[in-house]
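Asker: I would like to see how this sequence folds:
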Amino acid sequence: MPTDLVLRPADPRDAAAVAMVHLESRAAAPMPPPTHPEHEVRAWLSGRLGTDEVWVAERDGRVAGYARLTDVWLDDLYVAPPYAGRGVGSALLDLAKSRRPGGFCVWVFEMNAPARAFYAARGLVELERTDGSANEERAPDIRMAWPGADPVAFLRGLIDEVDEQLGDLLARRAALTRAVQPHKAQPDARDPQRDLQRERAIAEALARRAPALGAERLQRIVHAIVTESLDAAQDAP
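Answerer: As a prediction, this is how the structure comes out:
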């Protein structure tokens, strides 16, 4: 950490300075336009100071950057443009690692190449990409993570979260498969008709969301899900 840089917990008196760093940094970065006016951003950040863990970096008596942490997320890391490239961001990121030794995730806009390079150079890895439909800006983004002191434990924890969601989705898929059967023309109750063209279309749609797997692998997965769901539907009372 630069010797003239001071890191300290933020307090309510820092609200205006933190908001200014946020607004100036976003305006200077390759990021999509903000979706909220400045007064709403200031009010929202002021409220987070009393809820989240927020640290500020001071240099020359001015708040040069800040980091905002929740339990497993680095929600914000912004550096005022005049202090970019002077070690402020690295110091705040190192602080975040020390405060969350078990690991954390952060969302980065895909278009923000400098931020992605910054995190990658400091040990963060890309976990997933989205089309942006779930964020306010509707801009593609990337989930990056610092896997902490025990990467296997951290990443397995994320896998467990996905498996829980998969379990819920598979249960819903099986229930819907069972519900639709009475409405389909079936020559034999034990040999339900399959719409292979629809299954291919489903696999291709999934491949657009999970390109790393590809349509061929996903078609095999879809086939297995449909097969087992149909089997479960036949066994249902």
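Asker: how near is residue 129 to residue 108?
Answerer: 10 Å (CB to CB, to the nearest Å). From N, CA and C alone the C-beta is placed, and that goes for glycine too.
Asker: for residue 34, that is, sorry about that
Answerer: From residue 34 over to residue 108 (counting by CB to CB), the distance is 16 Å.
Asker: Neighbour count for residue 129 and residue 108, which is higher?
Answerer: A direct count of neighbours by other CB atoms under 10 Å for residue 129 and residue 108 places residue 108 higher, at 21 against 15.
Asker: Quick check: bridge partners of the more buried one?
Answerer: residue 142 (DSSP bridges).
Asker: From the centroid of this protein, which residue is nearest?
Answerer: The residue lying closest to the centre of the chain (CA atoms, centre = their mean) is residue 143, at 4.0 Å.
Asker: ok, that residue - contacts?
Answerer: 105-107, 126-130 (CB atoms under 8 Å, 6 or more residues apart in numbering).
Asker: filter the residues you listed to the buried ones?
Answerer: Neighbour-count burial (16 or more other CB atoms under 10 Å) is assigned, among the contacts of residue 143, to 105-106, 128.
Asker: Which strands and helices lie in contact with the biggest helix by length in the chain?
Answerer: Ranked by residue count under DSSP state H, the longest helix found in the chain is helix 151-180. Packing partners of helix 151-180 (3 or more CB pairs under 8 Å, 6 or more residues apart in numbering; DSSP states H and E): strand 141-146, helix 214-235.
Asker: Run through the chain and note the low-pLDDT ranges.
Answerer: 1-2, 185-193 (pLDDT under 70).
Asker: now do 50
Answerer: Scanning the chain for pLDDT under 50 picks out the ranges 189.
Asker: And the helices in it?
Answerer: Going by DSSP H, the chain shows helices at 15-28, 38-48, 88-99, 113-121, 151-180, 196-209, 214-235.
Asker: Contacts only, for residue 151.
Answerer: residue 103.
Asker: again, only this time at 10 Å
Answerer: Applying CB atoms under 10 Å, 6 or more residues apart in numbering to residue 151 gives the contacts 103, 123, 125, 145.
Asker: Looking at the helices and strands packed on helix 151-180, which one is packed in the most?
Answerer: strand 141-146 (a mean of 20; mean count of other CB atoms under 10 Å).
Asker: In JSON lines, list the helices of the chain along with distance to residue 57.
Answerer: Formatted as JSON lines, the helices of the chain follow (distance: least, CB to CB, whole Å):
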{"stretch": "helix 15-28", "distance to residue 57": "9"}
{"stretch": "helix 38-48", "distance to residue 57": "16"}
{"stretch": "helix 88-99", "distance to residue 57": "5"}
{"stretch": "helix 113-121", "distance to residue 57": "15"}
{"stretch": "helix 151-180", "distance to residue 57": "26"}
{"stretch": "helix 196-209", "distance to residue 57": "38"}
{"stretch": "helix 214-235", "distance to residue 57": "44"}
